[in-house]
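**Student:** model this:
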Amino acid sequence: MRESVIYQDILRQVLQQGLERGLEQGKQQEGVALVLRQLTHRIGALASEVKERIRGLSIAQLEELAEALLDFSQPTDWMNWLEGHPDS
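**Tutor:** Numbering: from 1, shown residues only. I've put the predicted structure just below:
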């Protein structure tokens, strides 16, 4: 059975899906780490609730936040941004 073409094709598809999922998760984790570093640098220590909220953002939201925080001038700016972007 393991030598059948159908089995090999299904196995290849499953492995590809797992790889893609792993790459997405890695990208999301890297985005979280980058945004957390940037926010900490910009405004100081972050509450654990804020960190968890950021960890819940999608990759697209993390990219938006990373760009938006370049314009933050006060600590309340990031809270306002988060309120306007619910968790994914």
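**Student:** only C-alpha atoms for contact and neighbour calcs from this point on.
**Tutor:** Will do.
**Student:** so, low pLDDT: which residues of this structure?
**Tutor:** Applying pLDDT under 70 to the chain picks out residues 1-2, 86-88.
**Student:** switch to 80 and redo it
**Tutor:** The chain contains residues with pLDDT under 80 at 1-3, 75, 85-88.
**Student:** residue closest to the middle of it?
**Tutor:** residue 28 (2.9 Å; Cα atoms, centre = their mean).
**Student:** what residues are up against that one?
**Tutor:** Residues near residue 28 by Cα atoms under 8 Å, 6 or more residues apart in numbering: 58-59.
**Student:** can you give me the strands in this structure?
**Tutor:** Applying DSSP state E to the chain gives no strands.
**Student:** tell me where it has helices.
**Tutor:** Assigned by DSSP state H, the helices in the chain fall at 5-43, 48-55, 59-68, 75-83.
**Student:** buried set for the second one?
**Tutor:** Read that as helix 48-55. 54-55 (16 or more other Cα atoms under 10 Å).
**Student:** which elements pack onto it?
**Tutor:** Counting contacts by 3 or more Cα pairs under 8 Å, 6 or more residues apart in numbering; DSSP states H and E, helix 48-55 packs against helix 5-43.
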